[in-house]
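Enquirer: From the sequence below, what's the structure:
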Amino acid sequence: MTDNDPAEDVLATLRALRAADPPTHGGRVLSYVYDSGRADLDRVAAEAAELFLPVNGLDPTTFTSVGVLERDLVAFGRSVLHGGSDVVGSVTSGGTESCLLAVKSARDRARATGGGARLALVLPTSAHPAFRKAAAYLGLDLVEVPVDPGTGAVHAPDLLAALDDVAAAGGRVALAVVSAPSYPSGAVDPVEDVAVGCAARGVDLHVDACVGGLVLPWWPHDLPPWDFRVPGVTSMSADLHKYGFVPKGASLVLYRGRDRHLAQYFATSSWPGYPVVNPTALGSRSAVGMAAAWAVVRTLGEDGYADLVARTAQATDHVRSALRDVPGLRVLGDPVGPLLAVVADEEAGPDMRVDPFLLVDAVRARGFLLQAQPAFPQPDGTVVPRSAHLTLTPVTLGVAEELVAALAAGASAVRGRPTPQPDPTLVERVAAEGLPAELAPVMATLEALPREHSPALLAQLLAAVVDPDRGQPGPHALARGEEHGAHGPSAAPPGTTVR
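Expert: Residues are numbered from 1 along each chain as shown. Model prediction:
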């Protein structure tokens, strides 16, 4: 027998790969991960996931446990989002799938009502790119409505006017979208005013609460109505793997009316095999994420969520208050919830102003990862300013003083410095050599690219990371003793993938 254990070698390789990642616990990555700070939740999620590793969620009539888990999670989501008995839905693999299915349901119902008019999806520019993906996949016209660049929220009359413009041009609106809150700025769109106008026009309205669905119900500050309490809201998305504090791979899409939910399904018997019924975009689907989500939700309960949200709100208030005392910076608008966009204070003189791209690099050097968000030119000519994004969680409270100190020190280090100018040669160098240590020049270059050009570049950069002939050495190379860097040579800039 050999002393080598292949399984242990494999696990050792995985540990080495994970050691190169940013820390997923402890509150130092202010995007992508949502850390509850409770080790017991990690344990129960891991054990639940292991129990369901071999289960195929394709058929809940065979694996009846899957049906129980999904019913319970939908009922929980319906309860916290104030839906009645007519609100039903599904557990999906994430927010993007939830949004895609909501658009698919609306498109199919609009098609079924007759008329050959082109169908449109109307949304604020701040709506998540998942809806742009849905429009591209499902063949809908995309109508983008500018948001207020000072607040990040859409004005209800502007969105409703866009609905009328579609109708005046001979088209039909399959679905309108608002956010609670939007990711870039943390602004909650005027759900109630938009819903009243949509209902009067016979247009379905989706509220994207992928970020806010499991934090806003317990947020300690007063909020305008934003969920199923608003009569004109016909569907919602809410991610369990964000502020539900469950492992990645679990979201909810909910509908007012079983007819809307059924329009999400794909079913066929038009082949020689078994009848196929898929409620989501997947056929075979893992039950691991659903089981872990169910276990965490049942362990926490509403009281547990209220406690975690209270800690999150306390951390958010502390960071927002501290940012008011940092010269050259300000928080964009008046965000609702735990997402902040920090922008340069344009009222400060050039020598006092702090550029967000430079701030992100300076704060990273001090142990915290923020997201750089490029300036966004809108269809009406206004521009949403570039920003540094912070997603705050319960564990932020434990490192809040360190974070505030890093923000203040980072701002001081770059105050008055101009952002590097766009560099056309940088694109080729990044593609060939990987990202530099400081990302401000990369972000400035991406920001300067025309909107029609940047998607292809970003796709090429990310594709290179997983290209066997272009990416960093993988596990087989590790087995030969080659080094593996902390990041692939063509890793996309932080903030290019969210869901």
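Enquirer: hey, which helix or strand in the protein has the poorest pLDDT?
Expert: Using mean pLDDT, DSSP states H and E, helix 475-479 stands out as the lowest-scoring helix or strand of the chain, at a mean of 38.
Enquirer: Counting neighbours, what do you get for residue 97?
Expert: 23 (other C-beta atoms under 10 Å). For glycine as for every other residue, the C-beta is placed from the backbone atoms N, C-alpha and C.
Enquirer: Check the one 4 residues further on too.
Expert: Applying the criterion other C-beta under 10 Å, we find 26 residues in the vicinity of residue 101.
Enquirer: Correct me if wrong: it contacts residue 253.
Expert: Yes: between residue 101 and residue 253 there is a contact under C-beta atoms under 8 Å: 5.2 Å.
Enquirer: Mind listing the shared neighbours of these two?
Expert: 90, 92, 264 (C-beta atoms under 8 Å, 6 or more residues apart in numbering).
Enquirer: With adjacent residues omitted, what lies nearest to the last one?
Expert: In this case it means residue 264. What sits nearest to residue 264 in space, not counting adjacent residues and going by C-beta to C-beta, 6 or more residues apart in numbering, is residue 105, at 4.4 Å.
Enquirer: In terms of helix, strand or coil, where does that neighbour fall?
Expert: State at residue 105, reduced to three classes by DSSP: H, G, I helix; E, B strand; the rest coil: helix.
Enquirer: That one - how many residues pack around it?
Expert: Residue 105: 26 surrounding residues under other C-beta under 10 Å.
Enquirer: which residues does it contact?
Expert: Residues near residue 105 by C-beta under 8 Å, 6+ apart: 235, 255, 260, 261, 263, 264.
Enquirer: after the one helix or strand the second one maps to, next one along is what?
Expert: Assigning secondary structure by DSSP states H and E places residue 255 in strand 251-256. Helices and strands here follow DSSP H and E; after strand 251-256, the next one along the chain is helix 258-262.
Enquirer: Specify the next element, helix or strand, located C-terminal of that next one.
Expert: Once helix 258-262 ends, the next helix or strand along the chain (criterion: DSSP H and E) is strand 266-268.
Enquirer: partner strands of that following strand, parallel or antiparallel?
Expert: With DSSP bridges as the test, strand 266-268 is paired with strand 276-278 (antiparallel).
Enquirer: care to break the protein down by domain?
Expert: Structural domains annotated on the chain: 47-297, 301-414, 424-479, as defined by automatic domain parsing.
Enquirer: measure the first one end to end?
Expert: In terms of C-alpha to C-alpha, to the nearest Å, the two terminal residues of domain 47-297 are separated by 14 Å.
Enquirer: With adjacent residues omitted, what lies nearest to residue 257?
Expert: By the measure of C-beta to C-beta, 6+ apart, the closest residue to residue 257 outside its immediate chain neighbours is residue 86, 5.8 Å from it.
Enquirer: dump the residue contacts of that neighbour.
Expert: Neighbours of residue 86 in contact, by C-beta under 8 Å, 6+ apart: 256, 257, 258.
Enquirer: now swap in residue 164 and tell me
Expert: Neighbour list for residue 164: residue 201 [criterion: C-beta under 8 Å, 6+ apart].
Enquirer: distance of it from residue 157?
Expert: Separation of residue 164 from residue 157 (C-beta to C-beta, to the nearest Å): 10 Å.
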